[in-house]
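Peer 1: My questions concern the predicted model and sequence given below.
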Amino acid sequence: MENCIFCKIVAGEIPSPKFYEDEKMIVIKDIEPKAKVHYLCIPKTHFALLSEMDEEKAEIVKHCFRVIPTLEEKLGLTNGYRVIINQGEDGGQTVHHLHIHLLGGEKLKDF
Ligand code: 5GP
Ligand code: ZN
């Protein structure tokens, strides 16, 4: 997808250290962390919203949620963490390539 910052990171066109990578997803540090530990799990396939999911995209999202728990120790999230997927305007989504925020490394404030 043209002009998508996360597609460019996935493709290596914008350098960003990848803490994990496989055929379906990458994990990078958020550039503006909102907690002591803040990673983004980014599917390699471009789509913005959960409502766009077909079976193939649902498999990719499922894969992300299967892998994330295996990375807890590596990412410093063994004491718990918060998972957020912002959706659309009201959800505060600023990058329109679906991504899963992983926040932790400290006791997070309640909503
Ligand atoms: P959203 O608001 O769409 O849920 O989250 C987008 C997130 O991507 C924000 O937390 C923002 O800090 C992060 N972000 C935006 N551009 C970049 C970038 O170029 N590199 C990295 N690592 N994170 C980015
Ligand atoms: Zn994209």
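Peer 2: Received it, and whenever you're ready, just let me know what you need. Ligands and ions are numbered 1, 2, ... in the order given.
Peer 1: Would you mind listing what in this structure touches ligand 2?
Peer 2: Neighbours of ligand 2 within the chain, by C-beta under 5 Å from the ion: Met1, Cys4, Phe6, Cys7, His46, His97. Placement of C-beta: from N, CA and C, glycine included.
Peer 1: count of neighbours near the third one?
Peer 2: Look at Phe6: counted by other C-beta atoms under 10 Å, it has 22 neighbours.
Peer 1: now swap in the last one and tell me
Peer 2: His97 sits with 21 neighbouring residues when counted by other C-beta under 10 Å.
Peer 1: Show me what from this structure comes close to ligand 1.
Peer 2: Within the chain, the positions near ligand 1 by C-beta under 6 Å from any ligand atom are 5, 16, 28-32, 40, 86, 92-95.
Peer 1: how does it look with 5 Å?
Peer 2: Ile28, Asp30, Ile31, Glu32, Asn86, Gln93, Thr94, Val95 (C-beta under 5 Å from any ligand atom).
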